[in-house]
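Asks: here is a sequence together with a model predicted from it:
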Amino acid sequence: MEELWVPIIAILCTIGLPVGFGMYLGLTSIRAEHKERMDLIRQGIIPPERMKKKANPNRLVSLRNGIVLIALGIGVIVGFLCSENLTIGHDNEFWIIGASIVFFLGLGYLTYFLVTQKMAIAQPREEPEQE
């Protein structure tokens, strides 16, 4: 029975403490915002309404994430195939898989760079008018 206390306490500390701290910070932030709004109302100032930000997705970030995830998947697949089918990979599975993942991630980032560079060349920036 005593052996169970160590993993239970470890799980509670690794999960419970960050969750509890996050909840504490969130509640503190909400309380401070509420107090600020109430002070403004007491002074006769109408507090501005909270504006919700509209989602404005950045297409380049989505493009980068897509290319990198595809490259990651290809790297994992190639790494497993090489570790299974090549004689050099039988004793070094970890290194073969890791090297192929890093290699294909590098190719993915290089592809992203080349694609965005061509996009920047194709669309020249408009310079602001001088008055």
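Replies: Great, that's in hand. Numbers count the residues shown, from 1 in each chain.
Asks: dead centre of the chain: give me the residue that sits there.
Replies: The C-alpha lying nearest the average C-alpha coordinate of the chain belongs to residue 65 (CA atoms, centre = their mean; 9.4 Å).
Asks: quick one: contacts for it?
Replies: Under the criterion of CB atoms under 8 Å, 6 or more residues apart in numbering, the contact list for residue 65 is empty. In short, each C-beta sits where N, CA and C put it, glycine included.
Asks: check which helix or strand it maps to.
Replies: Taking DSSP states H and E as the criterion, residue 65 maps to helix 59-85.
Asks: in that helix, what counts as buried?
Replies: Of the residues in helix 59-85, those with enough neighbours to count as buried (16 or more other CB atoms under 10 Å) are 64, 67-68, 71, 74-75, 78-79, 82-83.
Asks: so, low pLDDT: which residues of the protein?
Replies: Along the chain, segments meeting pLDDT under 70 span 1, 55-56, 89, 124-131.
Asks: change it to 80
Replies: Within the chain, the set of residues satisfying pLDDT under 80 comprises 1-2, 50-58, 87-90, 120-131.
Asks: just the helices in it please.
Replies: Listed in chain order, the helices of the chain (DSSP state H) span residues 5-11, 17-42, 59-85, 93-122.
Asks: what would those look like in CSV with distance to residue 51?
Replies: Supplementary listing: the helices of the chain in CSV, determined by distance: least, CB to CB, whole Å:
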stretch, distance to residue 51
helix 5-11, 40
helix 17-42, 14
helix 59-85, 23
helix 93-122, 31
